[in-house]
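In: quick one: sequence and predicted model below, then my questions.
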Amino acid sequence: MSASPEKKSRSSQRREEEQKDRRSVALYSAIGLAVVVFAVVLMFWNSGLLQRNLTALDLNGTKYSAADVQYYYNSIYASYANQYAFDPSTSVKKQVYQEETQMSWYDYLLDQALETLRSNAALAAKAKAEGFSITPESQTELDAFLAQLNTAWLSYGYNSREAFIKASFGTYMTYDRLAELVGMEYLAGDYAQSKLDAIDHPQADYDTYYQEHADELDTIVYSQLTFRAVLPTTDAEGNTHSSSYRVYYDYYICTVTLKNEDLSHLPIYIMSGEQLSRYALYMAALGNRPDLFPNSGYVDKYITNPPQPYDVPEQYLSDPDFAALLTEAEKYLGYPYVWGGSSPATSFDCSGFLSYVLNQCGWDVGRLGAQGLYNYCTPVSSPRPGDLVFFRYTYDAPNPDGVTHCGLYVGDGMMLHCGDPVQFTSLNTSYWQSHFYAWGRLP
């Protein structure tokens, strides 16, 4: 006897509900498993194990993790931040390091960090291969650093040593790895210094170099003098004669060219334009810490006794050429003196300042020295505003009789010049009067 249509309908409905329940259980199980997996991954990530073990750099088979790179990046970042090279309040990823390539400060700092890591790793590996060990002095410093880690966290208010290390040296840094990295830095530094100290050329090497570069080092002039004398002599028979003698004398004059310049001249030789610009700013601002340099001449020049303002009489400004020169020159009042400087980016010396101002106002003088500017002008005996004024013997120049300083005459015995810093100065002082050389009129 077959089931009734009503029973068949109830049976079919029950099977559908059971299948639906099984699907719901499977779905909730999958969601629960996904949540568990995500939680495990998140815990694993937050633990730092992944960052400490993932390879970020492989140097000759030695693997360095992202935490290692972060340690070097933090060190490089702090070094440049202390120099005010960028704005630490803004992300370095948004600050441009190089305009031409649009490289960001982040990319530059990362490149420097990786290069430092490569260098230290290579030096340390070479040192270990040769059985070289760090010096006792370095070992003492390393031990002191590690000992300080065990107490510093208390002084700085951290909950543990590990928390202090993470805050100071990177989120994923550990005590053991930090000790290894710092030890590697000491080993690399000592090994490099040992190689420098071992450089010892014998005298023969210096003699050979001199022979190959003698023309670049000195000039030798050879001359010969002849001395001729006539002396009376008496022979055995008592007869008097005159005897002539000629003596040859060889002598040599060796002219050696040496450069003995003031320390302030050094930056122009070793710094780029950008570095020189920062150097001038640091010197003028004393690193924003004038209290650390109470005896520095810069304190009086820039902090406690800055240049005094001066108003050029209005009637002198009727000359459009002079008005243009004055307007341009006054833009740089207070700029520090930088030997060799010739632009606002590097700041100025006396001739660089006038050369720049002239070029901005329609003249085309390039970059002239004080003597070159004097040669460019026509000497005059009665100055007027807009003329240049020249001086001699203001410092020990290679050509002691040449022009050594210059300024822009603004009338009434005043000049605007790049002293230290750029400022208005009265010519009616014993110093400028004693060093005055000439007036010059621009073409």
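Out: That came in fine, so what should we check first?
In: wasn't Glu328 part of a helix?
Out: Yes: counting by DSSP: H, G, I helix; E, B strand; the rest coil, Glu328 is part of a helix.
In: would you mind measuring from it to Asp235?
Out: Glu328 sits 89 Å away from Asp235, going by C-beta to C-beta, to the nearest Å. The way it works is simple: take the backbone N, C-alpha and C, and place the C-beta from them, glycine included.
In: same thing with Lys126?
Out: 85 Å.
In: now Asn399
Out: 60 Å.
In: equivalent analysis for Phe353, please.
Out: In this structure, Phe353 and Asp235 are 81 Å apart, going by C-beta to C-beta.
In: between these two, which one's more packed in?
Out: Taking other C-beta atoms under 10 Å, Phe353 and Asp235 do not tie; Phe353 has more neighbours (27 against 8).
In: so which bits of the host helix or strand of that one are buried?
Out: Taking DSSP states H and E as the criterion, Phe353 maps to helix 350-360. Buried residues in helix 350-360, counted by 16 or more other C-beta atoms under 10 Å: Cys350, Ser351, Gly352, Phe353, Leu354, Ser355, Tyr356, Val357, Leu358, Asn359.
In: what's the most distant pair in those residues?
Out: Farthest apart among the buried residues of helix 350-360 by C-beta to C-beta are Cys350 and Asn359. That separation is 15.3 Å.
In: now the strands for the stretch 301-443 of the chain?
Out: For the stretch 301-443 of the chain, the strands defined by DSSP state E, counting those that start in this stretch occupy 342-343, 347-348, 378-380, 388-392, 403-411, 414-418, 422-426, 436-441.
In: which one, of those, ends up nearest to Ala179?
Out: Here strand 347-348 is closest among those (C-beta to C-beta), at 45.1 Å.
In: and Pro443, how far from Pro88?
Out: Plainly put, Pro443 is 50 Å away from Pro88 if you go by C-beta to C-beta.
In: higher neighbour count, these two?
Out: Per other C-beta under 10 Å, whichever of Pro443 and Pro88 has more neighbours is Pro88, with 14 against 7.
In: nearest residue to the more buried one other than its sequence neighbours?
Out: Distance criterion C-beta to C-beta, 6 or more residues apart in numbering; nearest residue to Pro88, sequence neighbours excluded, is Ala81 at 4.8 Å.
In: now whichever helix or strand the one you found is part of: average pLDDT?
Out: Assigned by DSSP H and E, Ala81 falls within helix 66-82. Helix 66-82 carries an average pLDDT of 78.
In: what comes up buried for it?
Out: Across helix 66-82, burial judged by 16+ other C-beta under 10 Å covers 66-77, 80.
In: redo the residues you listed as a markdown table? Include distance to Glu115.
Out: What follows is the buried residues of helix 66-82, written out as a markdown table (distance: C-beta to C-beta, whole Å):
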| residue | distance to Glu115 |
| --- | --- |
| Ala66 | 17 |
| Ala67 | 18 |
| Asp68 | 14 |
| Val69 | 11 |
| Gln70 | 15 |
| Tyr71 | 14 |
| Tyr72 | 9 |
| Tyr73 | 11 |
| Asn74 | 15 |
| Ser75 | 12 |
| Ile76 | 9 |
| Tyr77 | 14 |
| Tyr80 | 14 |
